[in-house]
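Q: Sequence first, predicted model second:
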Amino acid sequence: MALRFSIITPTFNRCDMLVDALGSVACQEWPEIEHIVVDGGSTDGTLDLVAGHPELRLINGPDEGVYDALNKGIAAATGDVVCFLNSDDTFEPSALKAAAAGFAEDPSCDSVCGSARLVAGGKSIEVYDRDEDKRLISARTALLGASIINARFFRKPALDKIGPFSLAYRVVSDRDLLMRAISLGLRTKPIAPLVYTYRRHHGSLSFSGEAAQRPPIWQELLAVARYWADDETIKASDRRIARGLEGRCLGRLIQRDLAEGRPRDAWRLLARSGRGLPQNLTALAEGVRIAAYERAGIR
């Protein structure tokens, strides 16, 4: 019997791009699809568009952001496998077929992950296809690498075991969720095909490419990094990677404050910021070490 896929699409006033997202599901070569659209109160015609597709399941009402919407979709999903399609992105035509083949090749795996790409103006500007990032075997992928959550397909029992997305993070909760998957020892099978396309555009939560978007993301990543750096239930090597991310984010935020003429704010980040000065200096040193290794191609 064919696997049943539950696709969850959170949306809020993205009717213009949702048309393409829905079209990318309609062209999938797979018979068992449950597509759940979770709308946070759109006023741009999204609800009319969804109403014209009786095959869709609609969850409508106020939410606390994209991760709250995803959690609602996960709770409602009845499929064997759950995956996430942003309303401003698209699946590749054979994405579900490729994922199903991956599960068939390795029936004991908890998830499969394919390749993804980022496009701008219709042109591909980056491809995420490294097996190391797909396998999800260390904190390096979840915290430093390309997390590509939308190119991942989770067995529903595994996702239930991981638990919901944390609402403490507005943009990077996917990295926290993947860290929980790693801490539980869940296993991901990498698959070669391109399965997902991210679209860079103004208004994208994480892929707009705009400079103003970066500091809030660094702040959230700093919080995620500190949480996992302090978690003694995970491997020491993973805590060290988390400490390196902490240092990297701290360094970027300090550089921003200095560049914008706020040395006092930079000092507060270094001397306080939830840690003491020695801990922050240690984190900065670990961030420098990881950056040097990356430049040298050492993983």
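A: Nice, thanks for sending it over. Residues are numbered from 1 along each chain as shown.
Q: Secondary structure element for the closest residue to Glu105 other than its chain neighbours, which one?
A: Ranked by CB to CB, 6 or more residues apart in numbering and with sequence neighbours excluded, the top spatial neighbour of Glu105 is Lys189, at 7.1 Å. Just so you know, the C-beta spots here come from the backbone N, C-alpha and C atoms, and that holds for glycine as well. Lys189 is part of strand 188-199, with elements assigned from DSSP states H and E.
Q: Give me the buried positions along that strand.
A: By 16 or more other CB atoms under 10 Å, the buried positions in strand 188-199 come out as 188-191, 193-199.
Q: same question, stretch 111-128
A: Of all the residues in stretch 111-128, those buried under the rule 16+ other CB under 10 Å are 111-119, 128.
Q: So which residues of this protein form strands?
A: 5-11, 33-39, 56-60, 81-84, 90-91, 111-120, 123-128, 152-155, 188-199 (DSSP state E).
Q: Dump these into JSON lines; add distance to Leu136 and mean pLDDT as well.
A: Shown next, in JSON lines, are the strands of the chain (distance: least, CB to CB, whole Å; pLDDT from 0 to 100):
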{"stretch": "strand 5-11", "distance to Leu136": "19", "mean pLDDT": "96"}
{"stretch": "strand 33-39", "distance to Leu136": "24", "mean pLDDT": "97"}
{"stretch": "strand 56-60", "distance to Leu136": "28", "mean pLDDT": "94"}
{"stretch": "strand 81-84", "distance to Leu136": "15", "mean pLDDT": "98"}
{"stretch": "strand 90-91", "distance to Leu136": "20", "mean pLDDT": "98"}
{"stretch": "strand 111-120", "distance to Leu136": "7", "mean pLDDT": "96"}
{"stretch": "strand 123-128", "distance to Leu136": "13", "mean pLDDT": "94"}
{"stretch": "strand 152-155", "distance to Leu136": "8", "mean pLDDT": "98"}
{"stretch": "strand 188-199", "distance to Leu136": "4", "mean pLDDT": "97"}
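Q: Among those, single out whichever gets nearest to Arg170.
A: strand 5-11 (12.7 Å; CB to CB).
Q: how far out from the middle of the chain is that closest one?
A: 14 Å (CA atoms, centre = their mean, to the nearest Å).
Q: Likewise for stretch 112-125?
A: On the basis of CA atoms, centre = their mean, stretch 112-125 sits 14 Å off its chain's mean C-alpha point.
Q: what's it in contact with?
A: Outside stretch 112-125, the residues within contact range by CB atoms under 8 Å, 6 or more residues apart in numbering are 95, 98-99, 102-103, 106, 126-129, 133-136, 146, 148, 150-153, 188-201, 207, 209.
Q: So Ala158 is in contact with Ser111, correct?
A: Yes. Taking CB atoms under 8 Å as the definition, Ala158 is a contact partner of Ser111 at 6.2 Å.
Q: What segments of the chain are helices?
A: Secondary structure of the chain (DSSP state H): helices at 15-26, 46-51, 66-76, 95-105, 131-135, 139, 156-162, 173-183, 214-229, 236-259, 263-271, 277-295.
Q: could I get those helices as a markdown table with mean pLDDT, distance to Leu85 and mean neighbour count?
A: Shown next, in a markdown table, are those (pLDDT from 0 to 100; distance: least, CB to CB, whole Å; neighbours: other CB atoms under 10 Å):
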| stretch | mean pLDDT | distance to Leu85 | mean neighbour count |
| --- | --- | --- | --- |
| helix 15-26 | 93 | 6 | 17 |
| helix 46-51 | 91 | 14 | 17 |
| helix 66-76 | 97 | 10 | 20 |
| helix 95-105 | 97 | 9 | 20 |
| helix 131-135 | 92 | 18 | 17 |
| helix 139 | 94 | 26 | 27 |
| helix 156-162 | 97 | 15 | 17 |
| helix 173-183 | 97 | 14 | 22 |
| helix 214-229 | 92 | 22 | 19 |
| helix 236-259 | 89 | 27 | 20 |
| helix 263-271 | 82 | 37 | 15 |
| helix 277-295 | 71 | 31 | 15 |
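Q: got TSV for these, with distance to Ser87 too?
A: Listed next are these as TSV, based on distance: least, CB to CB, whole Å:
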stretch	distance to Ser87
helix 15-26	5
helix 46-51	8
helix 66-76	9
helix 95-105	16
helix 131-135	24
helix 139	30
helix 156-162	20
helix 173-183	16
helix 214-229	20
helix 236-259	28
helix 263-271	35
helix 277-295	33
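Q: between these, which one is nearest to Val82?
A: Proximity to Val82, assessed across the helices of the chain by CB to CB, is greatest for helix 156-162 (5.3 Å).
Q: tell me which strands and helices that closest one is in contact with?
A: strand 81-84, helix 173-183 (3 or more CB pairs under 8 Å, 6 or more residues apart in numbering; DSSP states H and E).
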